[in-house]
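Peer 1: Return a 3D structure for these sequence lines:
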Amino acid sequence: MGGFGKFVLLVSLLRSGGFDPTRNRGTNVGTMIRVSVLYPASAGANFDWAYYTSQHIPLVNRLLGRALKGVSVARGLGGEEPGSPAPFVAMADLRFESIESFQAAIGPHLEAINADILNYTSIMPVVQISEIIAT
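Peer 2: Down below sits the predicted model:
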């Protein structure tokens, strides 16, 4: 997987009682997935926000095309306790209609996306796939 190594991929389909891919189809709840890419804070790590927002995110948008239904990027400001550091430097949330549409879109471009990571950070991202069950 690119020059950066393997992502840690946590599939977390958040629904009590198990995952039913046909449940809630046609409604606003339970019809999309979110791929969260989290960059854990660590001493000595670097993160180039200018490159990430002006180069990497547009690259991801272009490569994933119409399968990507939305993206948001957030910068970590702090932890749970007042004055504590943020556990993550950055987080990106990418929305897709289904796991299948995500896999079809990312498959041909995974190597290029992974190879670009070293251009903006020394942090190995953690990826979680979640079902959106409420907005």
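Peer 1: Tell me where the protein has helices.
Peer 2: 49-51, 57-64, 99-106, 110-116 (DSSP state H).
Peer 1: Redo those helices as TSV? Include distance to T135, mean neighbour count and mean pLDDT.
Peer 2: Using the backbone N, CA and C atoms, a C-beta is placed for each residue, glycine as well. Formatted as TSV, the helices of the chain follow (distance: least, C-beta to C-beta, whole Å; neighbours: other C-beta atoms under 10 Å; pLDDT from 0 to 100):
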stretch	distance to T135	mean neighbour count	mean pLDDT
helix 49-51	27	12	98
helix 57-64	21	15	98
helix 99-106	18	16	96
helix 110-116	26	15	97
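Peer 1: Out of those, flag the one nearest L77.
Peer 2: helix 49-51 (13.2 Å; C-beta to C-beta).
Peer 1: other SSEs contacting that closest one?
Peer 2: Here helix 49-51 touches no other helix or strand, going by 3 or more C-beta pairs under 8 Å, 6 or more residues apart in numbering; DSSP states H and E.
Peer 1: Work out the gap between that helix and the centre of the chain.
Peer 2: Put simply, helix 49-51 sits 17 Å off its chain's centre (C-alpha atoms, centre = their mean, to the nearest Å).
Peer 1: hmm, back to that, want to throw the helices of the chain into JSON lines with distance to A86?
Peer 2: Shown next, in JSON lines, are these (distance: least, C-beta to C-beta, whole Å):
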{"stretch": "helix 49-51", "distance to A86": "14"}
{"stretch": "helix 57-64", "distance to A86": "19"}
{"stretch": "helix 99-106", "distance to A86": "26"}
{"stretch": "helix 110-116", "distance to A86": "23"}
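Peer 1: looking at these, which is closest to G78?
Peer 2: G78 sits nearest to helix 49-51 of all those, at 16.9 Å, using C-beta to C-beta.
Peer 1: Give me the contacts around that closest one.
Peer 2: With contact meaning C-beta atoms under 8 Å, 6 or more residues apart in numbering, helix 49-51 is reached by R75, A90, N119, Y120.
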